[in-house]
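Novice: how would this look folded up:
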Amino acid sequence: MKHLSHLLAISILVTPIVSCKKKGCTNPTAANYNSKAKKDDGSCTYNPAAPGYSVPTTYTFTNSNGQSTVNYAGQTDRINHLIAMVTYADQGTSQAISAQVLKDMFANTNGNGNGNFSFTSSRNLKDKCFNLDTALISSYFQSIQLASNSYMNTASNGQAGTLSSGSSTYLFGANGFEYSELIEKSIMGAVFKYQALNVYLGTTNMNADNSTPVAGETYTAMEHYWDEAFGYFSVPVDFPTTPSILFWGKYCNSQNTALNSNQVMMSNFLKGRAAISNNVLADRDASITAIKGMWEKIAAYQAMKYLDQAVAYYGTDQAKFLHVLSEAYGFIYTLRFAPIDTRVMSASEVDNLLAQFNGNLWSLNVSDINAIKATLDSNY
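Specialist: Okay, here's the model as predicted:
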């Protein structure tokens, strides 16, 4: 390990990143939003005229009989599945855990995670996962099992084990990755984000019937697909009044100061749903564009936050250093699921960025991290 003063000197030399960004209005809710602008220049203007229909302040929609027309029970189930999986994966810091248990939970074998859920459910995460990523996620289950077999060892380069910082203990593979974080973030991307943005807010489902309720239900097919996208956002119906502590809602709140993300995401989910119910599809489409763009930015900005923390922890706190690098890697991975029509970075560009982690977090130094930061900064 290099001497701290030398590390600080390196950090001072390489941390600053200078970028020439196109300026303009970066708020998707503004009348003059510029999707190509990378830096806000304060020029945003807003149309004060309210739409010709009512937009509620919470995600509560009813029909003329006062019946709720909202249903995203499937997404609530899958959020609970992932909570249970993360809880189990985190036990690897103090005991050996099983890849098969994680596979059973991912596929919801026997409707109760093969006995590992405290609830019953007919849904599962695996069937909703982007099919090309199912094998990768399954490999993470194997990797965390292997790492957990060494939970009593101190982690080091080439040696799986645990490291502690303060009251927190983390389990790392021999390559320094914290697989509990990779499991959580990969499912947040390959299931939640993929389904919400590419499937439910995609062209096919947004062309679904919106004239009559689904048989036996109070909502149209299009309304239901929109609700399912909102469900994967994982926030309370009165967000951000009640903050979210789960998955994408949690990280939306984390980046709110930088992006105004809480207002952008919630106001557009509310307006888009109201627009569908009133058949004003141009307003719906504007909200879709805003949601897609902001969801991608939340992931990119959260990755940058963790990379900044990694620079600060380098040489001073190895446990936190590897932990936040694993988080950053996971969020960069989720950029692959931004829709093609709005994405800033292509899937191949994201894969190239992931390759800069060298497959071994122990090998990264401040210069390596700043190179990754520079790519994110130039794009977002």
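
Novice: rest of the way, CA atoms for contacts and neighbours
Specialist: Noted.

Novice: secondary structure element holding the most far-flung residue of the chain relative to its centre?
Specialist: Taking Cα atoms, centre = their mean, the residue of the chain most remote from its mean C-alpha position is residue 65, at 36.6 Å. Under the criterion of DSSP states H and E, residue 65 resides outside all helices and strands.

Novice: and it, how far is that from residue 53?
Specialist: Residue 65 is 18 Å from residue 53, where distance means Cα to Cα, to the nearest Å.

Novice: do the same with residue 79
Specialist: 32 Å.

Novice: so where's this structure shaky on pLDDT?
Specialist: 1-22, 27-31, 35-36, 39-43, 45-50 (pLDDT under 70).

Novice: which helix runs longest in it?
Specialist: helix 281-313 (DSSP state H).

Novice: what comes up buried for it?
Specialist: 281, 283-285, 287-313 (16 or more other Cα atoms under 10 Å).

Novice: same check on stretch 192-211?
Specialist: 192-202, 205-206, 210.

Novice: repeat that for stretch 245-263.
Specialist: Those would be 247-249, 251-255, 259, 261-263, for stretch 245-263 by 16+ other Cα under 10 Å.

Novice: what's the spacing between the closest residue to residue 191 other than its chain neighbours and residue 290?
Specialist: Sequence neighbours aside, residue 129 is the residue nearest to residue 191 in space, at 4.5 Å (criterion: Cα to Cα, 6 or more residues apart in numbering). The gap separating residue 129 from residue 290 is 24 Å, by Cα to Cα.

Novice: can I get stretch 159-170 in PDB? Just the C-alpha atoms.
Specialist: Listed next in PDB are the C-alpha coordinates belonging to stretch 159-170 (Å, rounded to 0.1, in the frame of the first residue of the first chain):
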ATOM      1  CA  GLN A 159      -8.300 -14.000  -1.300                       C
ATOM      2  CA  ALA A 160     -12.100 -13.800  -0.700                       C
ATOM      3  CA  GLY A 161     -13.200 -12.800   2.700                       C
ATOM      4  CA  THR A 162     -14.500  -9.900   4.800                       C
ATOM      5  CA  LEU A 163     -13.400  -6.400   5.700                       C
ATOM      6  CA  SER A 164     -14.900  -4.100   8.300                       C
ATOM      7  CA  SER A 165     -15.200  -0.300   8.500                       C
ATOM      8  CA  GLY A 166     -16.700   1.000  11.700                       C
ATOM      9  CA  SER A 167     -19.800  -1.100  12.500                       C
ATOM     10  CA  SER A 168     -20.100  -2.300   8.900                       C
ATOM     11  CA  THR A 169     -18.700  -5.600   7.600                       C
ATOM     12  CA  TYR A 170     -18.600  -6.400   3.900                       C
END
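
Novice: contacts for that stretch next, please.
Specialist: Identification of contacts with stretch 159-170 by Cα atoms under 8 Å, 6 or more residues apart in numbering yields 93, 147-148, 150-155, 171-176, 178, 317-320, 323.

Novice: and these, which are buried?
Specialist: 93, 147-148, 150-152, 155, 171-176, 178, 318-320, 323.

Novice: quick check: residue 239 vs residue 93, distance?
Specialist: In terms of Cα to Cα, residue 239 sits 33 Å off from residue 93.

Novice: next: residue 66.
Specialist: Residue 66 is 50 Å from residue 93, by Cα to Cα.

Novice: which other residues reach the strand or helix carrying residue 349?
Specialist: Counting by DSSP H and E, the element that carries residue 349 is helix 347-355. Helix 347-355 is touched from outside by 329, 332-333, 335-337, 372, 375, with contacts defined as Cα under 8 Å, 6+ apart.

Novice: and stretch 87-95, by the same measure?
Specialist: Outside stretch 87-95, the residues touching it (Cα under 8 Å, 6+ apart) are 97, 102, 144-145, 147-149, 151-152, 162, 169-171, 180.

Novice: dump the residues you listed into CSV; add distance to residue 186 and secondary structure as well.
Specialist: Below are the contacts of stretch 87-95 laid out as CSV (distance: Cα to Cα, whole Å; DSSP: H, G, I helix; E, B strand; the rest coil):
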residue, distance to residue 186, secondary structure
97, 19, coil
102, 14, helix
144, 14, helix
145, 17, helix
147, 18, helix
148, 19, helix
149, 22, coil
151, 23, coil
152, 27, coil
162, 22, strand
169, 21, strand
170, 18, strand
171, 17, strand
180, 10, helix
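
Novice: and for residue 165, the neighbour number?
Specialist: 11 (other Cα atoms under 10 Å).

Novice: once you drop chain neighbours, what's closest to residue 311?
Specialist: residue 366 is the one closest to residue 311 (Cα to Cα, 6+ apart), at 5.8 Å.

Novice: show me where this protein has its helices.
Specialist: Using DSSP H, helices in the chain cover 4-14, 73-89, 99-107, 134-148, 179-187, 221-233, 247-254, 256-259, 261-277, 281-313, 318-334, 347-355, 366-379.
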